[in-house]
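Engineer: Sequence and predicted structure are below.
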Amino acid sequence: MAVDLTPRQPRKAYGGEGGAYYEWTPADLPMLGVANIGAAKLSLAAGGLSLPSYSDSAKVAYVLQGNGTCGVVLPEATKEKVLAVKEGDTLALPFGVVTWWHNAPDATTELVVLFLGDTSKGHKAGQFTNFQLTGANGIFTGFSTEFVGRAWDLSQEDAAKLVSSQPASGIVKLGAGQKLPAPSSQDREGMALNCLEAPLDVDIKNGGRVVVLNTQNLPLVKEVGLGADLVRIDGHSMCSPGFSCDSAYQVTYIIRGSGRVQVVGTDGKRVLETQVEGGYLFIVPRFFVVSKIADASGLQWFSIITTPNPIFSHLAGRTSVWKAISPEVLQASFNTTPEMEKLFRSKRLDSEIFFAPN
């Protein structure tokens with residue numbers, strides 16, 4: 001497989017005083033097109049509002065930084081859900097969902113949201129297409145005033161005035177005194193999961209921690225068709241070599257920290273060996289084996305897997321396939337001695353997935 005797997009940072013697509021929208025494209029990261037995965041990042045300054053829009057792709061949104069508000073209108077809903085969001089929150093956004101995002105005027109930090117999703121049914125393989133409801137490039141700027149007026153029961157003059165009243169595109173900065181609806185704790189139920197506060201699925205002392213997002217803790221994941229996890233490993237710890245055994249791609253965004261990554265593909269060929277740090281994104285092809293070792297500062301990443309309930313097979317540690325294979329087969333496979341087989345099998349009896357430094 002001769003596709004470039006080099007991790008990349010996104011490019012700015014548009015923005016202004018209220019914030020900016022960044023995206024990764026297949027031109028910079030070819031695996032996006034191969035895997036039919038879209039990736040983008042929204043950054044809102046204090047008072048910034050991402051105008052209501054919908055996408056051609058189902059997505060998972062992860063709040064990387066800050067606190068803010070998100071409005072969600074589900075298909076055929078008669079009322080929007082307004083959620084308070086903060087760092088660590090994950091939302092599953094199915095097809096047809098209309099969303100808006102807002103950072104408070106008195107915020108001391110930007111609200112930054114990562115979007116990862118499946119573009120297999122979208123207009124462009126490996127890239128989201130967003131449809132704005134208002135603004136200079138809003139849907140209704142393309143309709144004639146006759147159609148808009150008829151649809152909204154307005155005179156053509158009022159229809160033209162309303163459609164053209166927002167000169168910005170995508171993101172605006174609200175003026176002083178402009179207020180938006182207050183979030184509701186009831187609206188948040190079943191819509192979001194905070195991965196920094198959720199029960200840990202894996203917790204290895206001095207090694208690392210994992211929270212897995214699936215249909216059990218966030219049912220909307222089933223409609224999106226994607227699983228996700230937040231992984232945090234401690235300084236100099238290692239994440240066991242492993243692969244997704246259900247034909248899924250793994251898309252990884254490095255949140256913070258730094259470390260080394262190796263990916264091995266067919267015929268035992270190392271297809272990626274690189275240093276990663278916060279802000280970079282890379283994709284592991286199906287069935288390829290990946291492993292990471294954190295630098296002194298540790299390493300934290302958020303991943304989506306292109307199946308709602310992912311299954312991984314690890315090649316080191318207590319739960320690895322080597323512990324299940326019989327001693328005779330292991331000895332013959334490595335063409336080694338019984339003594340070496342016993343030494344190999346005696347290691348990593350208490351370690352699972354993450355390995356703390358010796």
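Structural biologist: Right, received. Where do you want to start?

Engineer: can you give me the helices for the stretch 201-350 of the chain?
Structural biologist: If DSSP state H, counting those that start in this stretch is used as the criterion, the helices of the stretch 201-350 of the chain fall at 221-224, 321-324, 327-334, 338-346.

Engineer: Redo the ones you listed as a markdown table? Include mean neighbour count and distance to K41.
Structural biologist: For glycine as for every other residue, the C-beta is placed from the backbone atoms N, C-alpha and C. Conversion of the helices of the stretch 201-350 of the chain to a markdown table gives the following (neighbours: other CB atoms under 10 Å; distance: least, CB to CB, whole Å):
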| stretch | mean neighbour count | distance to K41 |
| --- | --- | --- |
| helix 221-224 | 20 | 18 |
| helix 321-324 | 13 | 36 |
| helix 327-334 | 13 | 44 |
| helix 338-346 | 12 | 43 |
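
Engineer: and the spatially most central residue of the chain, what are its bridge partners?
Structural biologist: Centroid check for the chain by CA atoms, centre = their mean gives L116 as the closest residue, at 4.1 Å. Beta-bridge pairing for L116 (DSSP bridges): A39, V60.

Engineer: again with G242
Structural biologist: Per DSSP bridges, residues listed as beta-bridge partners of G242: V290, H314.

Engineer: For burial, what's the neighbour tally of it?
Structural biologist: Neighbours of G242 under the rule other CB atoms under 10 Å: 21.

Engineer: what are the ranges of the strands in the stretch 151-300 of the chain?
Structural biologist: 171-173, 192-194, 202-204, 208-213, 227-233, 238-244, 250-264, 270-277, 281-284, 289-305 (DSSP state E, counting those that start in this stretch).

Engineer: So which of those strands is the most surrounded?
Structural biologist: Across the strands of the stretch 151-300 of the chain, the average number of neighbours (mean count of other CB atoms under 10 Å) peaks for strand 281-284, which reaches a mean of 26.

Engineer: Convert the C-alpha atoms of it to PDB, please.
Structural biologist: Once non-C-alpha atoms are left out, strand 281-284 reads as follows in PDB (Å, rounded to 0.1, in the frame of the first residue of the first chain):
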ATOM      1  CA  LEU A 281      -3.800  13.800  12.500                       C
ATOM      2  CA  PHE A 282      -3.000  10.500  10.900                       C
ATOM      3  CA  ILE A 283      -4.800   7.400   9.700                       C
ATOM      4  CA  VAL A 284      -3.900   3.700  10.200                       C
END
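
Engineer: low-confidence ranges in the chain?
Structural biologist: Under the criterion pLDDT under 70, the flagged ranges of the chain are 1-2.

Engineer: Reformat the strands of the stretch 151-300 of the chain as CSV; add distance to V85.
Structural biologist: Supplementary listing: those in CSV, determined by distance: least, CB to CB, whole Å:
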stretch, distance to V85
strand 171-173, 17
strand 192-194, 7
strand 202-204, 25
strand 208-213, 15
strand 227-233, 15
strand 238-244, 28
strand 250-264, 16
strand 270-277, 25
strand 281-284, 21
strand 289-305, 15
